[in-house]
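Novice: 3D model of this:
(one chain, ligands or ions: 1)
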Amino acid sequence: MAERPYIVGNWKMNGTRAMLAQARAIDRAAQNLMKVEVALAPPFTLIHATHREVEQIGVGAQDCHCSSDGAHTGDISATMAADAGAKFVILGHSERRQNHAEDDALVRAKAEAALAASLRVIMCCGETEDVRDAGEAVRFVTDQLRASLPESLERAGEMLTVAYEPVWAIGSGRTPTVEEIGAMHRAIRALLLELYGEADGAAVRILYGGSVKADNARELLAADEVGGALVGGASLTAESFMGIVIAAAEVHEQ
Ligand SMILES: O=C(CO)COP(=O)(O)O
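Specialist: Next comes the predicted model:
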């Protein structure tokens with residue numbers, strides 16, 4: 001792994017204020033592992049409190065609306081997330097695409113709104129099991145990304161991260177092989193070079209997500225073009241999450 005690994009915890013719809021103790025513990029432990037960039041995306045209700053509690057780690061949101069304000073009951077804009085302390089936002093997660101019928105055009109509009117509010121974007125993509133079984137995974141994911149990413153993006157290397165999360169690997173305990181992850185990440189890299197040019201396209205980090213745990217992190221993070229991990233279930237306690245961060249630090253040193 002050439003660049004500084006990026007390990008992001010996505011707490012999904014988990015966490016009340018009692019969880020702030022885990023965020024504090026992660027923050028303290030991360031201060032001894034500066035060669036890894038660590039971040040958490042708690043639910044909206046905890047963004048501000050997490051932002052105030054931590055010193056070292058990044059704090060982000062799990063979604064935002066595509067408009068800057070207005071009559072959208074129950075929604076949160078990128079500006080509001082940024083005001084609460086978010087520095088980035090996860091967009092296009094398969095749980096949003098499936099549970100909230102978000103299509104590529106909406107995901108792209110959200111990405112544009114986030115960037116306009118100076119939030120960095122973690123853009124998720126991934127195929128279902130049927131698509132992989134049909135041998136269409138690489139084509140599906142690159143098409144999905146091409147339609148979801150902003151067409152033009154300044155400082156892409158800084159503002160954008162891509163997260164490859166096969167839908168069938170999320171929360172299932174199953175993962176693709178290292179070869180399958182490498183092949184997908186190489187295809188994503190080729191697309192990023194095409195969209196954003198040589199320098200920026202090469203600088204965008206590509207994370208793997210889906211059943212990453214402390215005991216498989218070393219292997220997964222060593223796959224070709226993997227710049228870190230987007231972690232769900234194993235990010236909910238400091239102990240399990242830091243196991244992944246430590247693995248990332250070790251892989252980085254190799
Ligand atoms: O969806 C994910 C992170 O965004 C992955 O979730 P799990 O790590 O629980 O499989």
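
Novice: which helix or which strand is home to the nearest residue to V226 once chain neighbours are set aside?
Specialist: Nearest non-adjacent residue to V226, counting by Cβ to Cβ, 6 or more residues apart in numbering: Y208, 5.1 Å away. The way it works is simple: take the backbone N, C-alpha and C, and place the C-beta from them, glycine included. Element membership of Y208 [criterion: DSSP states H and E] is strand 205-209.

Novice: try I7
Specialist: Going by DSSP H and E, I7 is in strand 6-10.

Novice: so D75 makes contact with H65?
Specialist: Yes. Assessed by Cβ atoms under 8 Å, D75 is found in contact with H65 at 4.2 Å.

Novice: more neighbours: these two, which one.
Specialist: H65 (21 against 14; other Cβ atoms under 10 Å).

Novice: who is the more buried one paired with across the strands?
Specialist: S77 (DSSP bridges).

Novice: now do the contacts for it.
Specialist: Listed by Cβ atoms under 8 Å, 6 or more residues apart in numbering, the contact set of H65 reads 72, 75-78, 110, 113.

Novice: V231 now?
Specialist: 7-10, 209, 212, 241, 244 are the contacts of V231 under Cβ under 8 Å, 6+ apart.

Novice: burial measure for the residue in the stretch 1-150 of the chain that the ligand sits nearest to, as a count.
Specialist: Residue nearest to the ligand within the stretch 1-150 of the chain: N10 (3.8 Å; Cβ to the nearest ligand atom). Neighbours of N10 under the rule other Cβ under 10 Å: 26.

Novice: tell me how far it lies from V121.
Specialist: From N10 across to V121, the span is 14 Å (Cβ to Cβ, to the nearest Å).

Novice: same question for E151.
Specialist: 14 Å.

Novice: if you count surrounding residues, which of those two has more?
Specialist: The neighbour count for E151 versus V121, taken as other Cβ under 10 Å, is higher for V121 (29 against 8).

Novice: in three-state terms, label that one for me.
Specialist: Three-state call for V121 (DSSP: H, G, I helix; E, B strand; the rest coil): strand.

Novice: hang on, it packs against L91?
Specialist: Yes. Using Cβ under 8 Å, V121 is in contact with L91, at 5.7 Å.

Novice: count of neighbours near the closest residue to the ligand within the chain?
Specialist: Closest residue of the chain to the ligand, Cβ to the nearest ligand atom: G232 (2.3 Å). Neighbours of G232 under the rule other Cβ under 10 Å: 20.

Novice: please name the residues that touch it.
Specialist: 10, 12, 170-171, 209.

Novice: same list, these, but as TSV with pLDDT please.
Specialist: Formatted as TSV, the contacts of G232 follow (pLDDT from 0 to 100):
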residue	pLDDT
N10	98
K12	98
I170	98
G171	97
G209	98
